[in-house]
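K.L.:
no sequence on hand, only this structure:
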Ligand code: XIL
């Protein structure tokens with residue numbers, strides 16, 4: 001089957017999804033054993049035992065040129081939208097895997113791993129969910145969701161964002177947890193249970209806690225880091241498996257950044273036995289005028305940030321939130337920004353060279 005045929009064949013895709021595929025053992029670096037075009041980000045990262053990948057929306061793959069770029073450059077893809085609760089679980093007893101299956105099928109045909117994103121989040125949820133959880137049935141609802149998704153994609157997903165963005169120091173709780181509808185319904189139990197269920201239904205996958213704002217050096221970054229470390233420690237004490245912290249890494253040129261304080265945070269993670277991975281990287285350059293200067297500044301931050309993470313931790317996976325500026329969610333705010341490695345005509349930019357150089361070190 002060609003790539004395009006697979007995208008058109010949602011139903012056929014579901015057949016192989018449940019019949020077995022390239023099981024990801026532990027982390028997404030397992031896919032590095034397959035061939036990769038020399039000179040690509042995939043090859044450069046794999047050579048050092050790391051997986052490079054990108055967030056992708058199924059609709060974007062309708063463009064064959066873009067689909068080819070993703071297949072060549074990436075070892076891993078992440079659905080930016082299709083696997084979220086609001087898309088796959090619209091009614092309590094109804095799951096819809098159509099577009100998600102097509103994306104996973106694309107990954108399979110091209111020998112790519114998939115990062116699952118995300119099982120529990122306070123955003124992009126169906127309307128029915130908060131009331132049902134509050135009604136007392138949260139454990140059963142969570143179990144059916146996790147069992148169904150992890151079971152369906154067991155042979156495709158090498159790494160799961162089990163919980164996304166569960167801390168919010170601004171909510172004023174002493175434990176730093178976000179005062180979400182999940183917390184209101186279930187307390188800390190929803191976090192612990194989510195990881196227990198993921199370990200049960202996705203035993204071969206890496207289990208990740210994913211969050212933003214742990215990269216920079218502003219005061220709010222320090223508060224988020226403390227809250228995240230506290231949560232990870234609590235989960236570890238509760239005896240659940242959390243293999244990695246997903247650092248979303250939505251960066252912006254001009255924001256406070258310090259190699260030293262980021263290094264300290266990475267050391268704290270190592271003390272806890274939690275590996276950092278980079279899950280949604282892009283660099284906004286909206287404060288810099290002129291394409292040339294913008295591209296240089298963006299590339300420099302890609303380099304400085306990744307050099308710090310890769311040399312000071314056991315990070316083995318780097319995912320950008322899209323490959324081409326054409327698809328970046330950041331262009332909603334500034335349509336002239338250039339935050340990703342390829343421009344809107346799919347030409348490689350200085351950010352791409354920076355990634356290649358960092359992976360090669
Ligand atoms: C974003 C997607 O990129 C957008 O297309 C969508 O409109 C909103 O969600 N943190 C996350 C991601 O964990 O799921 C978000 O993705 C970006 C912020």
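P.N.:
Looks like it came in fine. Just so it is clear, the model here is predicted, and its values are computed rather than measured.

K.L.:
quick one: contacts for residue 289?
P.N.:
For residue 289, no residue meets the contact criterion (C-beta atoms under 8 Å, 6 or more residues apart in numbering). To be clear about C-beta, it is placed using only N, CA and C from the backbone, and glycine gets the same treatment.

K.L.:
you'd agree residue 322 is in a strand?
P.N.:
No. The assignment for residue 322, made by DSSP: H, G, I helix; E, B strand; the rest coil, is coil rather than a strand.

K.L.:
ok, how many other residues are close to it?
P.N.:
If you count neighbours by other C-beta atoms under 10 Å, residue 322 ends up with 27.

K.L.:
repeat that for residue 40.
P.N.:
18.

K.L.:
dihedrals phi and psi, it?
P.N.:
Here is the backbone geometry of residue 40 (degrees, to the nearest 10): phi -90, psi 160.

K.L.:
isn't it right up against residue 71?
P.N.:
No. Applying C-beta atoms under 8 Å, one finds residue 40 not in contact with residue 71, separated by 10.0 Å.

K.L.:
list the contacts for the closest residue to the ligand within the stretch 1-150 of the chain?
P.N.:
Here the stretch 1-150 of the chain gets closest to the ligand at one residue, residue 80, 4.2 Å apart by C-beta to the nearest ligand atom. Residues counted as contacts of residue 80 (C-beta under 8 Å, 6+ apart) are 55, 56, 57, 117, 321, 322, 329.

K.L.:
residue 321 is in contact with the last one, correct?
P.N.:
Yes. Between residue 329 and residue 321 a contact is recorded at 6.9 Å, counting by C-beta under 8 Å.

K.L.:
looking at these two, which is more packed in?
P.N.:
residue 321 (22 against 16).

K.L.:
I'd say that one and residue 278 touch.
P.N.:
No. Counting by C-beta under 8 Å, residue 321 sits too far from residue 278 to count as a contact (10.2 Å).

K.L.:
that older thread, narrow the contacts of residue 80 to those in strands?
P.N.:
Counting by DSSP state E, the part of the contacts of residue 80 found in strands is 55, 56, 117.

K.L.:
what comes up buried for the helix ranked longest in the chain?
P.N.:
Of all segments of type helix in the chain, defined using DSSP state H, the longest is helix 291-311. By 16 or more other C-beta atoms under 10 Å, the buried positions in helix 291-311 come out as 294-299, 301-306, 308-310.

K.L.:
the strands in the stretch 251-361 of the chain, which residues?
P.N.:
Residue ranges of the strands in the stretch 251-361 of the chain, as given by DSSP state E, counting those that start in this stretch, are 275-284, 317-320.

K.L.:
sheet-wise, list the partners of the shortest one with their directions.
P.N.:
Right, strand 317-320. Here strand 317-320 is paired, per DSSP bridges, with strand 51-56 (parallel), strand 275-284 (parallel).

K.L.:
of these, flag the one that's most buried.
P.N.:
Among these, strand 51-56 has the highest mean neighbour count (mean count of other C-beta atoms under 10 Å), at a mean of 28.

K.L.:
which non-adjacent residue is nearest the most centrally placed residue in the chain?
P.N.:
In the chain, the C-alpha closest to the average C-alpha coordinate belongs to residue 279, at a distance of 3.8 Å (C-alpha atoms, centre = their mean). Sequence neighbours aside, residue 246 is the residue nearest to residue 279 in space, at 3.8 Å (criterion: C-beta to C-beta, 6 or more residues apart in numbering).

K.L.:
I'd guessed the one you found sits against residue 161; true?
P.N.:
Yes. If you go by C-beta under 8 Å, residue 246 and residue 161 touch, sitting 5.7 Å apart.

K.L.:
residues from this protein in reach of the ligand?
P.N.:
80, 81, 164, 248, 280, 329 (C-beta under 6 Å from any ligand atom).

K.L.:
adding pLDDT and distance to residue 182, write those residues out as JSON lines.
P.N.:
Output for the residues of the chain next to the ligand, formatted as JSON lines (pLDDT from 0 to 100; distance: C-beta to C-beta, whole Å):
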{"residue": "80", "pLDDT": "98", "distance to residue 182": "21"}
{"residue": "81", "pLDDT": "97", "distance to residue 182": "20"}
{"residue": "164", "pLDDT": "98", "distance to residue 182": "11"}
{"residue": "248", "pLDDT": "99", "distance to residue 182": "19"}
{"residue": "280", "pLDDT": "99", "distance to residue 182": "21"}
{"residue": "329", "pLDDT": "98", "distance to residue 182": "23"}
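
K.L.:
tell me the one of these nearest residue 232?
P.N.:
residue 164 (14.3 Å; C-beta to C-beta).

K.L.:
contacting residues for the closest one?
P.N.:
Residues in contact with residue 164, defined by C-beta under 8 Å, 6+ apart, are 117, 118, 120, 121, 210, 211.

K.L.:
can you do 10 Å?
P.N.:
Going by C-beta atoms under 10 Å, 6 or more residues apart in numbering, residue 164 touches 84, 117-124, 208-212, 246, 248, 279.

K.L.:
and stretch 110-120, how far from the chain's centre?
P.N.:
The chain centre lies 8 Å from the centre of stretch 110-120; the measure is C-alpha atoms, centre = their mean, to the nearest Å.

K.L.:
doesn't residue 163 make contact with residue 194?
P.N.:
Yes. The pair residue 194 and residue 163 passes the contact test of C-beta atoms under 10 Å, sitting 5.4 Å apart.

K.L.:
which neighbours do the two share?
P.N.:
With contacts defined as C-beta under 10 Å, 6+ apart, the residues shared by residue 194 and residue 163 are 119, 120, 182, 207, 209, 235.

K.L.:
mind checking which of these land in strands?
P.N.:
Counting by DSSP E, the shared contacts of residue 194 and residue 163 contribute 119, 120, 207, 209 to strands.
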